[in-house]
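Student: Build me a model from this:
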Amino acid sequence: MSNLKTPFRYDFVGSFLRPERLKEARRAFDNGNIGYDELKKVEDETITELVSKLKELGYHVITDGEFRRATWYLDFMWALDGVGHKPTKTGLPFHGEDAIVDDTYLVGKLRLSGEHPFVDHFRFVKQFEDENTVAKQTIPSPAQFLAQFLFPFNLESTFAQYESEEAFIDDVVEVYNEFVRQLYDAGCRNLQLDDCTWGMFTNKSGSILFGTTKEGTVEVQKKYKDVNNRVIDAAPDDLVVTTHVCRGNYHSTYISSGPYDAVADILLGEENVSAFFLEFDDERSGGFEPLAKVPEDKKVVLGLVTTKRPELEDKAVLHARIKEASKYVPLERLYLSPQCGFASCEIGNKLTEEEQWAKLRLVKEVAEEVWGKN
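Tutor: Numbering: from 1, shown residues only. Sure thing, here's the model as predicted:
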């Protein structure tokens, strides 16, 4: 088992553009033209190729690129008892485009019966670990799970199953704790909680999304921070738990805008992760000043290289921004990565695979120029 721990000076969030032959196999499976074994063979082959490419580039963390998922978060939920879904008729309103993801809601009490499929997905990646690399598993955060079923459009179905919010939250925590146990037993020591809730809290209309007022937003933030911490604090001591905070990522569009100031005290100051992967690729994320709230025992991964556009960032600008961020968090606790995944959903962002790899090469080159080679 690899003893390496995330994050690394040059790192990435988790998802990658699906190769065309994987997309074709998925369509053929969905249309009933091939069986699951044939689809899985293509998944296995393309994931193996992805891992080889990451190693070739010199990255120390490996993932399956989320190649077995339709979306970064819903597939995790669909594998649980009590969760139903169906094709959406409206989609989610992103800027410039609706995100076409399945409507997902409760149809019963939450349970995890048997092994979650993500555990076996992780085992496949773990086999490729060596002295230079370690496998990382990404999942939606407990807060993201909570938000999905407490958004105003899902309240009726949620409270048809639960008599109180507290009872529902307790089951969310229980399901996550069981999943973490299964994942840990499979050898995972690096877990990333992906979380759009905090991005929505930064948005001017964030209170509406959470069904509260601007004044009530702080208490809602505390509730979401607490559900994350209940899972993090119950995890084994040697499981590294990080989080990625996002403002939405679908076909190069976004759902939220706003600086971290609105969530700095509760998210950055009180969430018990070991590192924050934070997007800072454009003006939507604001300045670095909120990083002053990050405690001294936590790390910050600066998402300065966008995955939403193919153009490469200027190295001099990246160096200057890292220097600016180091005014608030010392350089030795800073790291560099793309701002988000390249394909949070199967559709992927609007760039080519070669442009994706060019972004990763840029991240590594700048990181080695700032922190030296390792």
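Student: contacts, neighbours, all on C-alpha from now
Tutor: OK.
Student: Now do stretch 230-240: everything it contacts.
Tutor: Contact partners of stretch 230-240, identified using Cα atoms under 8 Å, 6 or more residues apart in numbering, comprise 5-6, 142, 173, 176-177, 180-181, 184, 188-191, 241, 272-274.
Student: Recalculate using a threshold of 10 Å.
Tutor: By Cα atoms under 10 Å, 6 or more residues apart in numbering, the residues outside stretch 230-240 that reach it are 3-7, 136, 141-142, 170, 172-178, 180-181, 184, 187-193, 226, 229, 241-242, 271-275.
Student: what's the single longest strand in this structure?
Tutor: The single longest strand within the chain, with elements called by DSSP state E, is strand 103-111.
Student: and after that strand, which helix or strand comes next?
Tutor: The element immediately downstream of strand 103-111 (helix or strand, assigned by DSSP states H and E) is helix 117-126.
Student: Could you look up the next helix or strand downstream of that following helix?
Tutor: Using DSSP H and E, the next helix or strand after helix 117-126 towards the C-terminus is strand 134-135.
Student: circling back: packing partners of the longest strand of the chain?
Tutor: Contact analysis of strand 103-111 by 3 or more Cα pairs under 10 Å, 6 or more residues apart in numbering; DSSP states H and E lists helix 74-78, strand 81-86, helix 142-150, helix 155-159, helix 165-185 as its packing neighbours.
Student: Where do the helices of the stretch 151-300 of the chain begin and end?
Tutor: Ranges of helices in the stretch 151-300 of the chain, per DSSP state H, counting those that start in this stretch, are 155-159, 165-185, 197-202, 206-209, 217-234, 269-270.
Student: just for the stretch 101-250 of the chain, where's the confidence low?
Tutor: 101, 205-209, 248-250 (pLDDT under 70).
Student: again, only using 90
Tutor: Residues of the stretch 101-250 of the chain that meet the criterion pLDDT under 90 lie in 101-103, 151-153, 199-218, 247-250.
Student: What's the mean pLDDT across stretch 42-49?
Tutor: Mean per-residue pLDDT for stretch 42-49: 98.
Student: ignore the last one, stretch 355-372
Tutor: Computed over stretch 355-372, the average pLDDT equals 98.
Student: right, and the helices of the stretch 151-300 of the chain - which one's nearest L312?
Tutor: Shortest distance between L312 and those, using Cα to Cα, is found for helix 197-202: 24.3 Å.
Student: burial count for W78?
Tutor: A count of nearby residues for W78, using other Cα atoms under 10 Å, gives 15.
Student: is it true that it touches W72?
Tutor: No - when contacts are counted by Cα atoms under 10 Å, W78 is not listed as touching W72 (11.7 Å).
Student: From G372, how far out is F277?
Tutor: Here the criterion is Cα to Cα, to the nearest Å. By it, F277 lies 21 Å from G372.
Student: Please identify the buried residues of stretch 239-247?
Tutor: 239-247 (16 or more other Cα atoms under 10 Å).
Student: Sorry, slip of the keys, the one I care about is stretch 282-299.
Tutor: Those would be 284-294, 298-299, for stretch 282-299 by 16+ other Cα under 10 Å.
Student: Please enumerate the strands of the stretch 201-350 of the chain.
Tutor: Taking DSSP state E, counting those that start in this stretch to define them, one finds strands in the stretch 201-350 of the chain at 240-245, 275-279, 299-305, 334-338.
Student: just checking, A358 touches P338?
Tutor: No - counting by Cα under 10 Å, A358 does not reach P338; the two are 11.2 Å apart.
Student: Just want to know which of these two has more residues nearby.
Tutor: Each of A358 and P338 has its neighbours counted (other Cα under 10 Å); P338 has more, 29 against 15.
Student: which residues touch the more buried one?
Tutor: Counted by Cα under 10 Å, 6+ apart, P338 has contacts 10-14, 277-281, 301-308, 356, 359-360, 362-363.
Student: do that again at 7 Å, thanks
Tutor: Going by Cα atoms under 7 Å, 6 or more residues apart in numbering, P338 touches 12, 303-307.
Student: ok, so of these, who is nearest L54?
Tutor: F12 (10.4 Å).
Student: Quick check: closest non-adjacent residue to the closest one.
Tutor: S337 (5.0 Å; Cα to Cα, 6 or more residues apart in numbering).
Student: is the one you found in a bridge, and if so with what?
Tutor: Note on S337: beta-bridge partners by DSSP bridges are G303.
Student: Roughly how far does it sit from A235?
Tutor: 25 Å.
Student: Could you do K40 as well?
Tutor: Per Cα to Cα, K40 is found 31 Å from A235.
Student: picking that back up, and S337 and A235? Which one has more around it.
Tutor: S337 (28 against 18).
Student: isn't the more buried one right up against T307?
Tutor: No - S337 is beyond contact range of T307, at 10.1 Å (criterion: Cα atoms under 7 Å).
Student: so what's V240 bridging to?
Tutor: On the basis of DSSP bridges, V240 is bridged to N190.
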